[in-house]
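Q: Got a sequence here, can you model it:
(one chain, ligands or ions: 2)
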Amino acid sequence: MRLVRDLVRVRVPATSANLGPGFDTLGLALGVWDEVSVRAVAGETTVRVTGEGAGQLPDDEAHLVVRALRTGLEHAGAPQAGLELVCHNAIPHGRGMGSSAAAVVAGLVAARGLVSEPAALDDDAVLALATQIEGHPDNAAPALFGGATAAWVDADGPHAAAIPLDDAFTPTVLVPADQLLTHTARAVLPGEVPHRDAAFNVARTALLVLALGGRRELLMAATQDRLHQHYRADAMRGTTEAVRALRDAGWPAVVSGAGPSVLVLDDLDDRTAQALTSHGWRVLRPGIARTGAYLY
Ligand SMILES: Nc1ncnc2c1ncn2[C@@H]1O[C@H](COP(=O)(O)OP(=O)(O)O)[C@@H](O)[C@H]1O
Ligand SMILES: N[C@@H](CCOP(=O)(O)O)C(=O)O
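A: Numbers count the residues shown, from 1 in each chain. Ligands and ions are numbered 1, 2, ... in the order given. Have a look, this model is predicted:
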């Protein structure tokens, strides 16, 4: 295996995981995109970042996209080289919009673009490596494939399947000012949950697949959760309050990923959006990314 290109560019979408009941399983690709260009060079690795994370991320081998790229090159049996990265980031960090999965998928897909036998880094391989790095497949799957996905892990590794999405489906994302890192939000989850809560979520997750396909009357019932949101409530009080108020008003709101953003599985009305903006929330109507990461 060798490197056949010295410059590749990748785009990768934001993702919202869980969608309420589908903890570590369901995910949705959103139309907010990070762009990374990668040049293989003789010198040492450098990273330039604009947009989200500028001035806060490592500018060397410690950068997450570089680490994922190295993992991809190693998996493909390709030689390592110095790397010159330019990252234009639009996905907010530490907000539950899958920025880390996007960075990992960007690095792995960039590695695919650089090597002589890209099949060594086909979608199965990228999903497996991204899941290893992330620890769960629910963001990596929609970041890679686009649309809505159900992801699961078997003895032979992670898999994903597309969930049919109603064409008229328009999500809204509410982004707070504060970050909450995913590993912090995962640390508060219990090791075990009551059987009745597991059964509760199984029912809602099944309903949600129907609701996403067009059975919108099921959306409120389908977005209930007992596996993660209430355990995390104290770590994101503003989010918990916003989800509760929105649901009381009839909006299918859930915590986006591990939070603290809120995902509303509908097109929020302007008046409510303005009220939230005046309380410090950024209101995004990103649309759905129907395709996942791609080289361009
Ligand atoms: N585009 C990026 N480039 C480099 N590192 C990133 C990028 N996006 C995220 N990260 C790293 O991942 C962290 C956020 O990941 P995480 O806590 O999983 O939150 P989320 O994925 O929900 O945004 C950031 O603080 C940063 O260390
Ligand atoms: N299933 C994960 C999803 C984390 O998503 P992120 O966008 O917050 O990284 C979890 O709930 O921990």
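
Q: So what's the model's average confidence on stretch 244-251?
A: Across stretch 244-251, pLDDT averages out at 98.

Q: How about stretch 139-149?
A: 98.

Q: go on, stretch 180-198?
A: Rounded mean pLDDT across stretch 180-198 is 98.

Q: Pull the residues that contact that stretch.
A: Applying CB atoms under 8 Å, 6 or more residues apart in numbering, the contact partners of stretch 180-198 are 94-96, 100, 135, 226-228, 231-232, 234-236, 257-260. All C-beta spots, glycine's among them, are computed from the backbone N, C-alpha and C.

Q: same thing with stretch 217-233?
A: Residues from elsewhere that reach stretch 217-233 (CB under 8 Å, 6+ apart): 18-21, 23, 185, 188-190, 193, 197-198, 200-201, 204-205, 207-208, 210-211, 240, 243, 247, 250, 252-255, 258-259, 265-266.

Q: do that again at 7 Å, thanks
A: Identification of contacts with stretch 217-233 by CB atoms under 7 Å, 6 or more residues apart in numbering yields 18, 20-21, 23, 185, 188-190, 193, 197, 200-201, 204, 207-208, 210-211, 240, 252, 254-255, 259, 265.

Q: Any quick PyMOL command for the buried ones out of those?
A: Entered in PyMOL, the line below selects the buried ones among these, by 16 or more other CB atoms under 10 Å:
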select buried, resi 18+20+21+23+185+193+200+201+204+207+208+210+211+240+252+254+255+259+265
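
Q: Near ligand 2, list only the ones from the contacts of stretch 217-233.
A: Restricting the contacts of stretch 217-233 to those adjacent to ligand 2 (criterion: CB under 6 Å from any ligand atom) gives 18, 23, 185.

Q: Residue 215: how many residues sit nearby?
A: 14 (other CB atoms under 10 Å).

Q: change the start of the numbering to 10 and stick with it
A: Renumbered: residue one is now 10, and that last one reads residue 224.

Q: Let me know the distance separating residue 61 from residue 39.
A: 14 Å (CB to CB, to the nearest Å).

Q: for residue 59, same thing?
A: Using CB to CB, residue 59 is found at 20 Å from residue 39.

Q: Who has more neighbours out of those two?
A: Ranked by neighbour count (other CB under 10 Å), residue 59 and residue 39 place residue 39 first, with 25 against 13.

Q: Okay, and the beta partners of that one?
A: Beta-bridge partners recorded for residue 39 (DSSP bridges): residue 23, residue 297.

Q: same deal with residue 263?
A: Counting by DSSP bridges, residue 263 is bridged to residue 272.

Q: wait, isn't it in contact with residue 28?
A: Yes - at 6.3 Å, residue 263 and residue 28 qualify as touching, with contact defined as CB atoms under 7 Å.

Q: What values do phi and psi take at residue 29?
A: phi 100, psi -100 (degrees, to the nearest 10).

Q: residues contacting it?
A: For residue 29, the contacting residues are 213, 217, 232-234, 263, by CB under 7 Å, 6+ apart.

Q: Give me the pLDDT value at it.
A: What the model reports as pLDDT for residue 29 is 98.

Q: do the same with residue 13
A: The model's pLDDT for residue 13 equals 77.

Q: Let me see the contact set for it.
A: 124-125.

Q: any idea how far residue 80 is from it?
A: The spacing between residue 13 and residue 80, counted by CB to CB, is 19 Å.

Q: How about residue 118?
A: Distance, residue 118 to residue 80, by CB to CB: 12 Å.

Q: Compare the two (neighbour count), which wins?
A: residue 118 (29 against 18).

Q: doesn't residue 301 make contact with that one?
A: No - if you go by CB under 7 Å, residue 118 and residue 301 don't touch, sitting 8.9 Å apart.

Q: Would you mind naming the residues that bridge with residue 12?
A: Per DSSP bridges, the residues bridged to residue 12 are residue 124.

Q: same thing with residue 49?
A: residue 92.

Q: For the stretch 160-305 of the chain, which residues are neighbours of ligand 1?
A: So far as CB under 6 Å from any ligand atom goes, the stretch 160-305 of the chain lies against ligand 1 at 190-191, 266.

Q: Next, the distance between the ends of stretch 52-64.
A: Chord length of stretch 52-64, first to last residue, is 22 Å (CA to CA, to the nearest Å).

Q: hang on, the earlier thing: among the contacts of stretch 189-207, which ones are buried?
A: Applying 16+ other CB under 10 Å to the contacts of stretch 189-207 flags 103-105, 109, 235-237, 241, 244-245, 266-269 as buried.

Q: right, and the pair among those with maximum separation?
A: Taking CB to CB, the two most distant members of those are 109 and 235; they sit 25.7 Å apart.
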